[in-house]
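# pasting the structure only:
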């Protein structure tokens, strides 16, 4: 195998997508509670009120992880469950403490994400991520949960996909909180960056010195016209990569958005805070993106992989269109192309050679069904995982420092604005009964971990 010694094999989930128990044990509403309960925002009116009921089925799900043979589990902590009103909620803290202990008892390394899109509604009511104070509140949350779990968590991830939080939440409005203001999207991006840096500093002061510190980005692997690629790369990738890894905001991003804002929300000293040292960079990859310059006359192609919104999430890219791509697609209508995974990892290796990498999400949604014999034959997912793991292996052989791979997702779950219509899980969930059924992909992944990919 071309994987390094100690390579972590894992699976990933997120709190709002699986936990349920939305109004139990002191949990307060998050922006996704509000958004999903707003008519027309989520397909079929679905909500995360029950989700896959992981809050009550935690032990069963940890046993499934153990049977899979994974060495690490990436989960997120519900800010609204542990700090519902800014003060600690002991029942919420206890839930995650028990989860971490059970993972360790099964030899599974806990990888905790502090923020997977579920901002407490009370903070959104105060202005949300476009407001600087939200970053300070996030740092306080990080320190408090770090003091509770810091002696046992293997890796701390500050943010999951801040691009989605900023640009889908405040730009196009297709994610919570559903706002459509390009300047607010840019302000949110900066304050998410600032929150990340402040949280890393806070965590390093209270958690075990052996813990790893990370952030997870959904980096768009772009192909197409050079100028279109440059513009989208600036506002989708380098807006986070460059400041987090010490280069500050790209000059071309500031130029591309100068007609919208003067970026006066940047303060002296922010760059140093944002560039807090990282131990590993989390990378989420699902598919490549094809862009080209738009002529401004013909119908604009919008195959960007996101639900259509009232505005584009790619702020400052009004002259760019997103082209359809040939070949097979997943149920999300995302093109299947594992070569993009390899190319993205090698790009990161070239441009940020001193930053170790970890695949923190990779997977595919298909229209899975339980057959009459109780089996879920998801051959397309098996092929997807096999090809993408092989792409990671090739990148490792070519020199990329990749430390682990997490399949998305352990369970079928609430897929954000798509509700329960899209299934990404290795394990099928009956949303009426909660029954879990291993898919063929789960068995394949277990066997792959055991013997190593061929």
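Structure's in. What do you need? Keep in mind it's a predicted model, so treat the numbers as computed, not measured.
# use CA for all of it now, contacts and neighbours both
Noted.
# show me where pLDDT drops low in the chain?
Residue ranges of the chain with pLDDT under 70: 1, 453-454.
# Could I get the full set of strands for it?
8-12, 72-76, 109-115, 155-160, 212-217, 221-224, 280-284, 288-293, 320-322, 357-361, 402-408, 427-429, 436-438 (DSSP state E).
# Now tabulate the ones you listed in TSV and tack on mean neighbour count and distance to residue 378.
Converted to TSV, these look like this (neighbours: other Cα atoms under 10 Å; distance: least, Cα to Cα, whole Å):
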stretch	mean neighbour count	distance to residue 378
strand 8-12	24	17
strand 72-76	25	22
strand 109-115	24	27
strand 155-160	26	27
strand 212-217	23	27
strand 221-224	18	26
strand 280-284	24	22
strand 288-293	22	22
strand 320-322	21	29
strand 357-361	24	19
strand 402-408	24	14
strand 427-429	23	10
strand 436-438	18	10
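# can you put the ones you listed in TSV and add distance to residue 127?
Listed next are the strands of the chain as TSV, based on distance: least, Cα to Cα, whole Å:
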stretch	distance to residue 127
strand 8-12	30
strand 72-76	23
strand 109-115	17
strand 155-160	19
strand 212-217	24
strand 221-224	32
strand 280-284	28
strand 288-293	32
strand 320-322	30
strand 357-361	30
strand 402-408	31
strand 427-429	36
strand 436-438	39
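# for those, which one sits closest to residue 23?
Distance to residue 23, taken as Cα to Cα, is lowest for strand 72-76 among the strands of the chain, at 17.8 Å.
# number of nearby residues for residue 277?
17 (other Cα atoms under 10 Å).
# I misspoke; the intended subject was residue 422.
Per other Cα under 10 Å, the neighbour tally for residue 422 reads 20.
# So it is in contact with residue 364, correct?
No. Residue 422 sits out of contact with residue 364 when judged by Cα atoms under 8 Å, with a separation of 9.3 Å.
# so what sits against both of the two?
Contact with both residue 422 and residue 364 is made by residues residue 331, according to Cα atoms under 8 Å, 6 or more residues apart in numbering.
# follow-up on the earlier one: out of the strands of the chain, the one nearest residue 252 is which?
The closest of the strands of the chain to residue 252 is strand 320-322. By Cα to Cα, the value is 15.5 Å.
# Check which helices and strands that closest one sits against.
Where contact means 3 or more Cα pairs under 8 Å, 6 or more residues apart in numbering; DSSP states H and E, strand 320-322 is packed against strand 288-293.
# what sits against the residue nearest to residue 414 when sequence neighbours are not counted?
With Cα to Cα, 6 or more residues apart in numbering as the criterion, residue 414 has its nearest non-adjacent residue at 4.6 Å, and that residue is residue 17. The contact partners of residue 17, by Cα under 8 Å, 6+ apart, come to 48, 51-52, 413-416.
# Out of these, who's the most crowded?
residue 413 (29 neighbours).
# Which phi and psi values does that one adopt?
Per-residue torsions, residue 413: phi -160, psi -170 (degrees, to the nearest 10).
# Pretty sure residue 356 sits against residue 277.
No. When contacts are counted by Cα under 8 Å, residue 356 is not listed as touching residue 277 (11.8 Å).
# Okay, helices next: where are they in the stretch 1-150 of the chain?
Under the criterion DSSP state H, counting those that start in this stretch, helices of the stretch 1-150 of the chain are mapped to 15-18, 31-36, 54-68, 79-82, 90-105, 121-125, 132-149.
# would a markdown table of these with distance to residue 263 be doable?
Conversion of the helices of the stretch 1-150 of the chain to a markdown table gives the following (distance: least, Cα to Cα, whole Å):
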| stretch | distance to residue 263 |
| --- | --- |
| helix 15-18 | 32 |
| helix 31-36 | 26 |
| helix 54-68 | 41 |
| helix 79-82 | 28 |
| helix 90-105 | 37 |
| helix 121-125 | 21 |
| helix 132-149 | 13 |
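# how many neighbours does residue 44 have?
13.
# Tell me the spacing between it and residue 37.
Noted for residue 44: a distance of 11 Å to residue 37, by Cα to Cα, to the nearest Å.
# got it, and residue 58?
25 Å.
# Equivalent analysis for residue 106, please.
37 Å.
# What is the burial count for the nearest residue to residue 234 once chain neighbours are set aside?
Distances taken as Cα to Cα, 6+ apart put residue 253 closest to residue 234, at 5.4 Å, once the chain neighbours are dropped. When counting by other Cα under 10 Å, one arrives at 20 neighbours for residue 253.
# Not counting sequence-adjacent ones, nearest residue to residue 117?
Per Cα to Cα, 6+ apart, closest to residue 117 is residue 165, 5.9 Å.
# for residue 190, that is, sorry about that
Counting by Cα to Cα, 6+ apart, the residue nearest residue 190 is residue 266, at 7.5 Å.
# now residue 31
residue 121 (4.9 Å).
# what about residue 418, how many neighbours?
16.
# residues in contact with the closest residue to it other than its chain neighbours?
Counting by Cα to Cα, 6+ apart, residue 418 lies nearest to residue 43, which is 5.2 Å off, once chain neighbours are set aside. Contact partners of residue 43, counting by Cα under 8 Å, 6+ apart, are 417-419, 421.
# Pretty sure residue 363 sits against residue 411.
No. Residue 363 lies out of contact with residue 411 (Cα under 8 Å); the separation is 11.5 Å.
# Which of those two has more residues huddled nearby?
Comparing residue 363 with residue 411 by other Cα under 10 Å, the one with more neighbours is residue 411, at 25 against 21.
# Perfect, I'm done here.
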